[in-house]
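Q: When you get a sec, could you give me coordinates for this:
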Amino acid sequence: TPAPRPCSLNMRFLFPLSGARSAIQVTQSPASLPASLGDTVSITCRASQSVSSYVEWHQQQPGKPPKPLIYFASSLHSGVPSRFKGSGSGTDFTLTISGLQAEDVATYYCQQYNSYPPTVLQASTKTPGEAGV
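A: Have a look, this model is predicted:
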């Protein structure tokens, strides 16, 4: 059996909209996640105060617009594969991808929508070629 091919999922910190003094701050970790195809990987998201379950997870593949994956912390959008799972409530949330596939190489980010303003992303993404897949 050939060795799993390496790939990388890329995350970046989330910041409130500029000028918002009391915005809920959201951070994600890790910033970059080396992984191999077939792995199970987890990405965490933490809010500075409780956002109940009002969190969405998005995936942005290279050269494509963001795609919504999960809403209300754990509900899958239509057409999203069951290998994606969201969990958590309050301040701590997790996106888990089971059986990582080549098309999962992307930037992932979470967004709270419990209060205004929502949190927006500052991100950069590696292409699958750069990630080694």
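Q: May I ask which helix or strand of the protein has the lowest mean pLDDT?
A: Counting by mean pLDDT, DSSP states H and E, the weakest-scoring helix or strand in the chain turns out to be strand 14-16, with a mean of 36.
Q: buried set for the following helix or strand past that one?
A: Using DSSP states H and E, the helix or strand that follows strand 14-16 in sequence is strand 26-29. For strand 26-29, the buried set under the neighbour-count rule, 16 or more other C-beta atoms under 10 Å, comprises 26-28. Glycine gets a C-beta too; all of them are placed from N, C-alpha and C.
Q: Lowest pLDDT pick from those residues?
A: Note: of the buried residues of strand 26-29, the lowest pLDDT belongs to residue 28, at 74.
Q: what pairs with it across the strands?
A: residue 45 (DSSP bridges).
Q: That one contacts residue 43, correct?
A: Yes: with contact defined as C-beta atoms under 8 Å, residue 28 reaches residue 43; the gap is 6.5 Å.
Q: coming back round to it: quick check, nearest of the buried residues of strand 26-29 to residue 83?
A: Within these, the smallest distance to residue 83 is 19.6 Å, found for residue 28 (C-beta to C-beta).
Q: was I right about residue 51 contacting residue 110?
A: No: here residue 51 does not reach residue 110: they are 9.8 Å apart, not a contact under C-beta under 8 Å.
Q: Which one of these two is surrounded by more residues?
A: residue 110 (29 against 24; other C-beta atoms under 10 Å).
Q: and the more buried one, which of the three is it?
A: strand (DSSP: H, G, I helix; E, B strand; the rest coil).
Q: Over to residue 104: give its phi and psi.
A: Torsion angles at residue 104 (phi, psi; degrees, to the nearest 10) stand at phi -80, psi -10.
Q: any idea how far residue 69 is from it?
A: 10 Å (C-beta to C-beta, to the nearest Å).
Q: okay, and the common contacts of the two?
A: residue 59 (C-beta atoms under 8 Å, 6 or more residues apart in numbering).
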